[in-house]
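Undergrad: below is the sequence, then the predicted model.
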Amino acid sequence: MDFYSFLYTMAHGPLLWISFLTFILGSLLRIILYVNLSRKKDKITHQHFNLKYVLMSLFRWILPLNRTVAKNPIFTILGYIFHICLIVVPIWYVGHISLWEESRFGWTWASIPDEWADRMTLVFLAIALFFLLRRIFSRDIRKISTLSDYFLLVVTALPFMTGYFLSHATLDGVPFLGDYMELIHILSGEFMLILIPFTKLSHFVLFLFSRGATAIEFGRRGYTV
Amino acid sequence: MAEDVNSREIYEFLKTRIGARFRTWLQICSHCGLCANTCHYYIANGNEPGMIPSYKVRHLLEILKRKGRVDRKYLETVYHTVYHECNMCRRCTLYCPFGIDIALMISLLRSMLFSQGIAPEGLVKAIENYKKFGNQMAVTEEDWVDTIEWCEEEMAEELLGLKIPIDKKGARIMYTVNAREPMFYPQDIMEVAKIFHVAGEDWTVPRKEGWDDTNLAMFCGDLKTARLIVENTFKRAEELEVEKIAITE
Ligand code: HEM
Ligand code: SF4
Ligand code: SF4
């Protein structure tokens, strides 16, 4: 077995398991660690716990119904579109669903039309590029950016870029990339999943707790949550 | 070496106070910059990137990363940031998608600096006064009562029968002031007395410490003294069995 076949087998088997389990268990662990530490150290959150404030706040911020949308409409709306594409395309792209169907789980669910997946991917990549350029060229954002901010943006965009190349055979004429695009696509997706629980990308779940804690603190003082 | 700082103490101080919120905020801040134009320091300084709220708390992460091994010069930089670039107003938090409480982290840094004996001179002096006299201006009980009685006499010429009841048990409202009022602005106390009198309010001021409603200890993160100040006020309110505490301004 040559190196490529070895990697191919790994990426379709053990690495796939490892990445999904790391993502799921890692995220669960982050939740458990948060709750545990918060019980010990964030007494305010628990003494003044108020589900109403938490839910109100989540509602306002998961939907674009908050004051930041009004203040910075362009960037926030792009952010919302960015995240919608980020979540919808990988889960409802027909090519991915058929892989689930063929897998040992045999799961299947409705898919979005291919053109949608295509367009959303391009929109996502355009916004990601805009975010990257903004990080590089805006004095403000450059000042607060760390190396990992640039890196994680690329890590997040890579599976989408390679997925697009793969499904459109864009780079098939290019040596190496043409042959290995599928492998690169899978590995980049797995890499992203593995990194999520351990980096700022863990915001996808810790955001719920952070917002919740602040909603409790601000709500009890009568500020906007 | 007078310039030395106690690294272990700094690290321990922060570690025992860093809960799940702080830890999460430091990690998940997306550095998106949405908080930038919400901070008055940022705007007032011509949109200065160094004033972006998220940027100001970099010190906390840095000190934790270095396990407290920072020198006095670094702490002076921190001092500048937490006292001259943020007044802990919490406005940025209202706009942060994650609800990251920058002010709370700045406050923790101020507490840490205080634990290392670094705080603005004026606040340190005020804290001594709170501890000794129960108010920030070192007004003695005698002076306080004298001032109140003098205010009462002055006003009684204008409004017949005006009283400033001291330690009246069972009054509805216990009124507290900024300690600068008996020191420099007794007319403020008189104006309030006029309003209470005309409104026919059942009110009183306490004789003993607890009448100063400022809490400057809070601003440098001296939570022990901050607590003492609030406790004084509540103790008086309980003794006098009042229904409400009113504060000046
Ligand atoms: C697995 C899921 C997610 C991933 C991989 C992810 C990834 C990212 C990335 C790479 C950025 C950086 C964009 C930049 O450089 O400005 C970002 C920003 C952000 N993410 Fe997520 N995200 C996820 C889920 C979520 C969720 C569920 C929320 C909560 C509503 C969220 C809220 C935000 C916010 C508020 C920002 C910063 C501002 C913006 O881009 O609009 N993310 N996310
Ligand atoms: S708005 Fe919130 S997440 Fe964005 S940079 Fe400011 S503190 Fe960080
Ligand atoms: S809390 Fe500090 S950083 Fe945030 S807006 Fe107020 S002054 Fe600016």
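TA: Great, that's in hand. Residues are numbered from 1 along each chain as shown, chains lettered A, B, ... in the order given. Ligands and ions are numbered 1, 2, ... in the order given.
Undergrad: pLDDT weak spots in chain B?
TA: B:1-3 (pLDDT under 70).
Undergrad: change it to 80
TA: B:1-4, B:249 (pLDDT under 80).
Undergrad: got it, and chain A?
TA: A:1.
Undergrad: and the residue of chain A closest to ligand 1?
TA: In chain A, the residue that lies nearest ligand 1 is A:Gly79 (1.9 Å; C-beta to the nearest ligand atom). Every C-beta, even on glycine, is put in place using the N, C-alpha and C of the backbone.
Undergrad: surely that residue is in contact with A:His203?
TA: No. Contact criterion C-beta atoms under 8 Å: A:Gly79 and A:His203 do not qualify, at 12.0 Å.
Undergrad: remind me which helix or strand B:Leu228 belongs to.
TA: helix B:223-240 (DSSP states H and E).
Undergrad: now swap in B:Ala246 and tell me
TA: Residue-wise, B:Ala246 maps onto strand B:244-247 under DSSP H and E.
Undergrad: adjacent strands (with direction) for that strand?
TA: Note on strand B:244-247: by DSSP bridges, its sheet partners are strand B:173-176 (parallel).
Undergrad: please enumerate residues in contact with the helix or strand just after the strand it pairs with?
TA: Using DSSP H and E, the next helix or strand after strand B:173-176 towards the C-terminus is helix B:180-184. Helix B:180-184 is contacted from outside by B:Gln136, B:Met137, B:Val139, B:Asp143, B:Trp144, B:Thr147, B:Ile148, B:Asp188, B:Ile189, B:Thr214, B:Thr248, using C-beta atoms under 8 Å, 6 or more residues apart in numbering or on different chains.
Undergrad: rerun that using 6 Å as the cut-off
TA: B:Met137, B:Val139, B:Trp144, B:Thr147, B:Asp188, B:Ile189 (C-beta atoms under 6 Å, 6 or more residues apart in numbering or on different chains).
Undergrad: now do the residue lying farthest from the centre of chain B against B:Leu216, distance only.
TA: Largest separation from the mean C-alpha position in chain B: B:Leu160, at 37.8 Å (C-alpha atoms, centre = their mean). For B:Leu160, the distance to B:Leu216 (C-beta to C-beta, to the nearest Å) stands at 38 Å.
Undergrad: mind listing what's buried along the strand holding B:Ala246?
TA: The neighbour-count check on strand B:244-247 (16 or more other C-beta atoms under 10 Å in any protein chain shown) flags B:Ile245, B:Ala246 as buried.
Undergrad: now A:Tyr93. Its backbone dihedrals?
TA: Main-chain torsions, A:Tyr93, degrees, to the nearest 10: phi -70, psi 130.
Undergrad: burial check on the nearest residue to it once chain neighbours are set aside, number of neighbours?
TA: Distances taken as C-beta to C-beta, 6 or more residues apart in numbering or on different chains place A:Ala117 nearest to A:Tyr93, at 4.6 Å, with adjacent residues excluded. For A:Ala117, the count of nearby residues is 23 (other C-beta atoms under 10 Å in any protein chain shown).
Undergrad: do the same with A:Val174
TA: Residues near A:Val174, counting by other C-beta under 10 Å: 11.
Undergrad: next one: A:Thr224
TA: Around A:Thr224 there are 13 other residues, counting by other C-beta under 10 Å.
Undergrad: which residues in the chain form helices?
TA: No chain in the question, so chain A it is. A:3-12, A:14-41, A:43-47, A:51-62, A:67-71, A:73-92, A:94-102, A:114-137, A:139-144, A:147-168, A:177-195, A:203-220 (DSSP state H).
Undergrad: can you look at chain B instead?
TA: Using DSSP H, helices in chain B cover B:7-17, B:20-28, B:40-44, B:53-56, B:58-65, B:72-84, B:91-95, B:102-115, B:121-133, B:141-156, B:180-184, B:186-199, B:216-219, B:223-240.
Undergrad: return the most buried member of these.
TA: helix B:53-56 (a mean of 25; mean count of other C-beta atoms under 10 Å in any protein chain shown).
Undergrad: up against chain A, what does chain B have?
TA: For chain B, the contact set with chain A under C-beta under 6 Å from any C-beta of the partner chain comprises B:19-21, B:24, B:27-28, B:31, B:33-34, B:36, B:49, B:52, B:54-55, B:94-95, B:98-99, B:101.
Undergrad: switch to 7 Å and redo it
TA: Contacts of chain B with chain A, taken as C-beta under 7 Å from any C-beta of the partner chain, map to B:19-21, B:23-25, B:27-28, B:30-31, B:33-34, B:36, B:49-50, B:52, B:54-55, B:93-95, B:97-101.
Undergrad: so what's the residue of chain A closest to ligand 1 closest to, chain neighbours aside?
TA: B:Cys32 is the one closest to A:Gly79 (C-beta to C-beta, 6+ apart), at 7.4 Å.
Undergrad: same check, this time on A:Ser98
TA: A:Thr108 (8.0 Å).
Undergrad: surely the one you found and A:Glu101 touch.
TA: Yes. With contact defined as C-beta atoms under 7 Å, A:Thr108 reaches A:Glu101; the gap is 4.4 Å.
Undergrad: A:Asp172: how many residues sit nearby?
TA: 12.
Undergrad: measure it to A:Met181 for me?
TA: 8 Å.
Undergrad: check B:Trp150 too.
TA: In terms of C-beta to C-beta, B:Trp150 sits 88 Å off from A:Met181.
Undergrad: ditto for A:Ile18
TA: Per C-beta to C-beta, A:Ile18 is found 22 Å from A:Met181.
Undergrad: higher neighbour count, the two?
TA: Neighbour comparison, A:Ile18 and A:Met181: the larger count goes to A:Met181, with 21 against 14 (by other C-beta under 10 Å).
Undergrad: does that one touch A:Gly163 like I think?
TA: No. Assessed by C-beta under 7 Å, A:Met181 is found out of contact with A:Gly163, at 9.2 Å.
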